[in-house]
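# Got a predicted structure plus its sequence, pasted below:
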Amino acid sequence: SDNGMHLNTKKTKEMSFTFSKRIRVDDVFLRAGSEVIERVQEFKILGLILSSDLTWASHVKYIVAKANKRLYAICQLVRCGFASGDISAVYCSLIRPLLEYAAPVWHPGLTGLLSDEVEHVQKRCMHIIFPDLSYSDALFVGGLQRLSVRRETAVAKLFAEIKNPNHILHSLLPIKPINQGLSTRDTYPYRMKIGKTSRISRSFINYCIKNRM
């Protein structure tokens, strides 16, 4: 207001992140002038669906549904008699990117069930392209990897880039303090932040530190 700017309240949302039973946020609402900012439990931003419970169930449901809609193109190519290698290339360019968009952000927080839901889309595609082969054999013939393996590789690659002191996110890494006069066999330079729950270990940086990437 001091700078002559006006907030578009229709496009502004509030999301509260709290897991404490002692803190109540239900009775307090943000306002812009006389208008109340809408409070939401999940919101899509930059192609990711963020949830107030810090889980990725809604996002996985969204990308799986979006990818399944494109399976029709794979079925049509099979019916038209295209070579399996060409159909696999279409899958890699048309469907797989939907399942891997911004994967380093949400992969560390996936449960086994959510990971299987994402993998199931690729299994369906491989079954359509290679109906007589098992999933592992179809991946081998098609020169593909499991999506979980590819996501893990993407996480490790990004973390390796962040470890570069010139990276814009390098300052976020929790450096392990040096104990003067004490020798240790553990030369890993980072330490994971301690939390009361396991939720913190499922964030990107702590996940990478926990797995010594």
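Received it, and whenever you're ready, just let me know what you need.
# Identify the single longest helix in this structure, thanks.
helix 112-129 (DSSP state H).
# Please compute how far that helix lies from its chain's middle.
16 Å (CA atoms, centre = their mean, to the nearest Å).
# next one: stretch 64-72
On CA atoms, centre = their mean, the centre of stretch 64-72 falls 18 Å from that of its chain.
# Repeat that for stretch 110-125.
The mean C-alpha position of stretch 110-125 is separated from the chain mean by 13 Å, CA atoms, centre = their mean.
# just stretch 56-69 next, same as before
With CA atoms, centre = their mean, you get 12 Å for stretch 56-69.
# Can you report how many residues lie near Trp56?
25 (other CB atoms under 10 Å). For every residue, glycine as well, the C-beta is placed using N, CA and C.
# show me the contacts for it.
Contact analysis of Trp56 by CB atoms under 8 Å, 6 or more residues apart in numbering lists Ile49, Trp106, Gly109, Leu110, Leu114.
# farthest-separated two in those?
Ile49 and Leu110 (13.6 Å; CB to CB).
# out of these two, which sits in the busier spot?
Leu110 (21 against 17).
# and the closest residue to Tyr62 other than its chain neighbours, what are its phi and psi?
Nearest non-adjacent residue to Tyr62, counting by CB to CB, 6 or more residues apart in numbering: Ile49, 5.4 Å away. The phi/psi pair for Ile49 (degrees, to the nearest 10) reads phi -100, psi 110.
# Now for Ile49: which residues touch it?
Contact analysis of Ile49 by CB under 8 Å, 6+ apart lists Glu42, Phe43, Trp56, Ser58, His59, Tyr62.
# try 10 Å
Neighbouring residues of Ile49 by CB atoms under 10 Å, 6 or more residues apart in numbering: Glu42, Phe43, Trp56, Ala57, Ser58, His59, Val60, Lys61, Tyr62, Ile63, Trp106.
# Tell me what it is bridged to.
Lys44 (DSSP bridges).
# Against Tyr72, how distant is it?
24 Å (CB to CB, to the nearest Å).
# Thr187 too?
From Thr187 to Tyr72 the distance is 52 Å (CB to CB).
# Okay, buried residues for stretch 100-117 please.
Buried residues in stretch 100-117, counted by 16 or more other CB atoms under 10 Å: Glu100, Ala103, Pro104, Val105, Trp106, His107, Pro108, Gly109, Leu110, Leu114, Ser115, Glu117.
# Using just helix, strand and coil, how would you label the spatially most central residue of the chain?
The chain has Trp106 as the residue nearest its centroid, 1.9 Å off, counting by CA atoms, centre = their mean. Under DSSP: H, G, I helix; E, B strand; the rest coil, the three-state class of Trp106 is helix.
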